[in-house]
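Trainee: My questions concern the predicted model and sequence given below.
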Amino acid sequence: MNGPKAHHFFAQFHLGAWAEKSDGKIPTYKMQDGAIRFSRRNPKGTGFEYKLYSLEDVPPEEREKIETEFFNRHVDNNAAPVYQKILAQGQLSPDERARWVRYLMAQRARTPDMVKHVKDMVDRGIHELCEEHNDRYQIARANSKGPLPATVHEWFDL
């Protein structure tokens, strides 16, 4: 199982609040060819980016786990009933408040811009660490009995 490729940065249950009762679709606007285009989509068809949270260099069955195991299972599925209770103006329990706060906090972390920012920070950090430790690696490489890649970057296959 490879999992979903459309990773929602805005939960479908939340988008559904704006859906028209007649067709279950929401209005969407998109800049295309220098013009703003209007369309109507169901919540599953908007608020996502393909493979936004996909993990590379892991077995195929693990690649979509951030979307399926974390955001879907632990964040969105736990927040959806709380959202309905909020809309009904119900009193939230401490557990429900915690689930809602987790959902709200996840909203900032799951946007395409934030995901790119975090990936860039990790990449920079890895490269900085490789540079910082390259001298020590060169000493270890010189003392090694077997062949080793020329640099730390190559050793990590970066």
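Mentor: Cool, got the structure. Numbers count the residues shown, from 1 in each chain.
Trainee: All the strands of this protein, residue numbers only.
Mentor: 6-8, 26-32, 35-41, 48-50 (DSSP state E).
Trainee: can I get the ones you listed in CSV with mean neighbour count, mean pLDDT and distance to residue 112?
Mentor: Every residue, glycine included, has its C-beta placed from N, CA and C. Compiled in CSV, these are given as follows (neighbours: other Cβ atoms under 10 Å; pLDDT from 0 to 100; distance: least, Cβ to Cβ, whole Å):
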stretch, mean neighbour count, mean pLDDT, distance to residue 112
strand 6-8, 20, 89, 9
strand 26-32, 12, 93, 14
strand 35-41, 11, 95, 18
strand 48-50, 15, 91, 5
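Trainee: Now distance to residue 56 too, for these, in JSON lines please.
Mentor: Converted to JSON lines, the strands of the chain look like this (distance: least, Cβ to Cβ, whole Å):
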{"stretch": "strand 6-8", "distance to residue 56": "14"}
{"stretch": "strand 26-32", "distance to residue 56": "28"}
{"stretch": "strand 35-41", "distance to residue 56": "29"}
{"stretch": "strand 48-50", "distance to residue 56": "14"}
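Trainee: what's across from the closest residue to residue 67 other than its chain neighbours in the sheet?
Mentor: Leaving aside its sequence neighbours, residue 67 sits nearest to residue 7 (Cβ to Cβ, 6 or more residues apart in numbering; 4.5 Å). Note on residue 7: beta-bridge partners by DSSP bridges are residue 49.
Trainee: residues touching residue 7, list them.
Mentor: Residue 7 makes contacts with 48, 49, 50, 51, 52, 53, 54, 64, 66, 67, 71, as judged by Cβ atoms under 8 Å, 6 or more residues apart in numbering.
Trainee: Before I go, just wanted to say thanks for your time.
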